[in-house]
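S.K.: predicted model and sequence follow; I will ask about them next.
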Amino acid sequence: MANSRNSPSTERLPAVLAACLARHAPPGSRLVVGLSGGIDSVVLLHVLAGLRPEGLAALHVHHGLSPRADAWADFCAAFARSLAVPFECVRVAVERDSRDGLEAAARRARHAVFARTAADWIVLAHHRDDQAETLLFNLLRGAGLAGAAAMQEASCRLLRPLLSIGRAEIEAYAQAHRLAWIEDESNADVRHSRNFLRHRILAPLAQRFPAAARNLAAAAARFGEAQALLDDLARLDLAGNDGFPLDLARLEALPEPRARNALRYLLAQARVAIPSEARLREALRQMLDAAGDRHPAVELGTHRLLRRRGRLYLEPGGPSSESR
């Protein structure tokens, strides 16, 4: 654990969080903060406890990946108790040999807990530097415009009020308020993709371009606006058919980019993660180009996209002998 030293106080954070709550969470909303014990979530909970103590709670997801995991859970419980905030710790089993890596597996386990949590909003401490990392990470793995939009301030029940705040400002707040926090040793391990981007790419980039994180985060916001316009176009092209099954004739009547956009929109509405733009393009090609007597199926994470009798279906996933 690291203890802060005195630092000039900044009071912009409470104003930014208060404005976010005014936009999305009226008084009486139940807010549950994802508390890892790191400096970001510690600052987030501290500010919210001063702004909106009623209906506020803290949730720690115990991944069990570090030998210090129990100590982290104890720290989070003690910190929440010091603020008189109700606290819950949930243990999860992380798939250590996941094909898409330990980071992604831990994230899936964490978000499964969030999905089961009774709250109006799960409040997360992602900030502007995280947004820049996410943008680069998504672009490098081949994501499309939705991936370039990175994280949204409000998405489903997830609320991220710190996306306009940089890491330095969070550190200054923690120092000014003499807060303590956890230092996760894995954050320095550049074998993890996001750590590599943070330490080997963005840190040197910021030395040459000091506004790099700010400008990348701003670009993500603009990509988000463009994605919202594409969602509007998809709703027009689908003419009210906002779910599966879908008549393939509706997609066949559209130019390929618009058909792909409509399919992306439907999958997003069904909360299906699309691995990459190339994967989406290939899925659409298989669905549209298959002969009438064929029934192609494409695995998309935990779901399967299928064509049957001229209609497109989405079903829970699993190995498919019909995949091509």
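M.R.: Everything's here; your move.

S.K.: can you verify residue 291 is assigned to a helix?
M.R.: No. Looking at residue 291 with DSSP: H, G, I helix; E, B strand; the rest coil, it is coil, so not inside a helix.

S.K.: count of neighbours near it?
M.R.: Neighbour count of residue 291, defined by other C-beta atoms under 10 Å: 7. Backbone N, C-alpha and C define where each C-beta goes, glycine included.

S.K.: and residue 64, by the same measure?
M.R.: Residue 64 has 16 neighbouring residues, counting by other C-beta under 10 Å.

S.K.: for this structure, what spans make up the strands?
M.R.: 2-3, 31-34, 56-62, 87-91, 121-123, 154-155, 158-159, 180-181, 246-247, 297-300, 303-308, 311-316 (DSSP state E).

S.K.: can you redo those strands as TSV with mean pLDDT?
M.R.: Output for the strands of the chain, formatted as TSV (pLDDT from 0 to 100):
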stretch	mean pLDDT
strand 2-3	46
strand 31-34	98
strand 56-62	96
strand 87-91	95
strand 121-123	97
strand 154-155	90
strand 158-159	96
strand 180-181	96
strand 246-247	92
strand 297-300	86
strand 303-308	90
strand 311-316	90
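
S.K.: dump the ones you listed into a markdown table; add distance to residue 15 and mean neighbour count as well.
M.R.: Converted to a markdown table, those look like this (distance: least, C-beta to C-beta, whole Å; neighbours: other C-beta atoms under 10 Å):
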| stretch | distance to residue 15 | mean neighbour count |
| --- | --- | --- |
| strand 2-3 | 26 | 11 |
| strand 31-34 | 17 | 24 |
| strand 56-62 | 18 | 22 |
| strand 87-91 | 26 | 16 |
| strand 121-123 | 16 | 25 |
| strand 154-155 | 18 | 12 |
| strand 158-159 | 16 | 22 |
| strand 180-181 | 22 | 18 |
| strand 246-247 | 45 | 16 |
| strand 297-300 | 41 | 19 |
| strand 303-308 | 41 | 20 |
| strand 311-316 | 43 | 14 |
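
S.K.: closest to residue 291 out of the ones you listed?
M.R.: Of all those, strand 303-308 sits nearest to residue 291, with 10.4 Å by C-beta to C-beta.

S.K.: and the closest one with strand 311-316, angle?
M.R.: In terms of direction (axes from the mean of the first three to the mean of the last three C-alpha atoms, to 10 degrees), strand 303-308 departs from strand 311-316 by 150 degrees.

S.K.: still on that earlier bit, looking at the strands of the chain, which is nearest to residue 190?
M.R.: It is, among the strands of the chain and with distance given as C-beta to C-beta, strand 2-3, at 20.3 Å.

S.K.: next one: the residue lying closest to residue 283 once chain neighbours are set aside from residue 99, what distance?
M.R.: The spatial neighbour of residue 283 that comes closest, neighbours along the chain excluded (C-beta to C-beta, 6 or more residues apart in numbering), is residue 298 at 4.4 Å. Applying C-beta to C-beta, to the nearest Å, the value for residue 298 to residue 99 is 16 Å.
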